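Undergrad: only geometry, no sequence info:
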């Protein structure tokens, strides 16, 4: 019971203090929203609604990626600078519980961001035929893996702008390597192996199967790979925290 009380206390504090910080609003909400509108507006100056549903998996995955990593860049760096983590590490809770609580806020934020493009798409196109259960599972798994990637980056930064800059070195290349908007089959041969080393590739493929009814990989395989990525990344994050924050 004490563990759950501590977990909820950390999560509630993060929700109250960090969700509306400027970096989260700009990178987590405004950027994916502006990207969605940009994809809708073509060079002719008009709105092209015919491809919105085909772009939806990529837009959702990108919204999760930017939302989760932005959230961790703020929460982790602010609390390290304010030495809040020093107090948490003195509390009678395990490092795993503390890390899980810090990650939960970013995961919820990423899931929320994922449905910003969905709401816009619903205003213009028919979304009938979507496998909503599979889509929710894909959104959750992408949020978990993206959050863990964001935590690994944030651990190495001391300021918010440093964490955001480091995140961009990973986020923008992933836009082109994970099949978000450019099919992996069209990538050069030497880049394809890199694509399959990135968890977002499998999450995007799951979203494509749920929304468009087509995916490159079997959905069960993608789910298992994402779960494996989550377990490995969570272990690495705990190790880094113990090594860099616990003296």
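TA: Perfect, I can see it now. In this text the structure is predicted, and so the values were computed from the model without any measurement.

Undergrad: Point to the residue nearest the middle of the protein.
TA: Taking C-alpha atoms, centre = their mean, the centroid of the chain lies closest to residue 65, which sits 3.1 Å from it.

Undergrad: list the contacts for that one?
TA: 110, 142, 146, 171, 174, 200 (C-beta atoms under 8 Å, 6 or more residues apart in numbering). In this view, the C-beta of every residue, glycine as well, is placed from N, C-alpha and C.

Undergrad: Could you look up the SS state of the residue lying closest to residue 209 once chain neighbours are set aside?
TA: Among residues not flanking residue 209 along the chain, residue 215 sits closest, at 3.3 Å (C-beta to C-beta, 6 or more residues apart in numbering). At residue 215 the chain is in coil, as set by DSSP: H, G, I helix; E, B strand; the rest coil.

Undergrad: Let me know whether residue 215 touches residue 208 as I believe.
TA: Yes: using C-beta atoms under 8 Å, residue 215 makes contact with residue 208 at a distance of 5.0 Å.

Undergrad: residue contacts, residue 15?
TA: By C-beta under 8 Å, 6+ apart, the neighbours of residue 15 are 105, 108.

Undergrad: Give me the phi and psi for it.
TA: phi -60, psi -40 (degrees, to the nearest 10).

Undergrad: From residue 98, how far off is it?
TA: 16 Å (C-beta to C-beta, to the nearest Å).

Undergrad: buried residues in the longest helix that the chain contains?
TA: When the chain is parsed with DSSP state H, its longest helix is helix 52-81. Residues 52-53, 55-80 are the ones in helix 52-81 that count as buried (16 or more other C-beta atoms under 10 Å).

Undergrad: In helices only, show me the contacts of residue 65.
TA: Per DSSP H, these map to helices at 110, 142, 146, 171, 174, 200.

Undergrad: for the third one, what are its contacts?
TA: Shown here is residue 146, whose contacts under the criterion C-beta under 8 Å, 6+ apart are 64-65, 68-69, 110, 199-200.

Undergrad: Show me where this structure has its helices.
TA: 2-18, 22-23, 31-40, 52-81, 84-90, 95-122, 132-155, 160-177, 192-195, 199-212, 219-244.

Undergrad: circling back: and which of the contacts of residue 146 is nearest to residue 121?
TA: Nearest to residue 121 among those is residue 64, at 15.4 Å by C-beta to C-beta.
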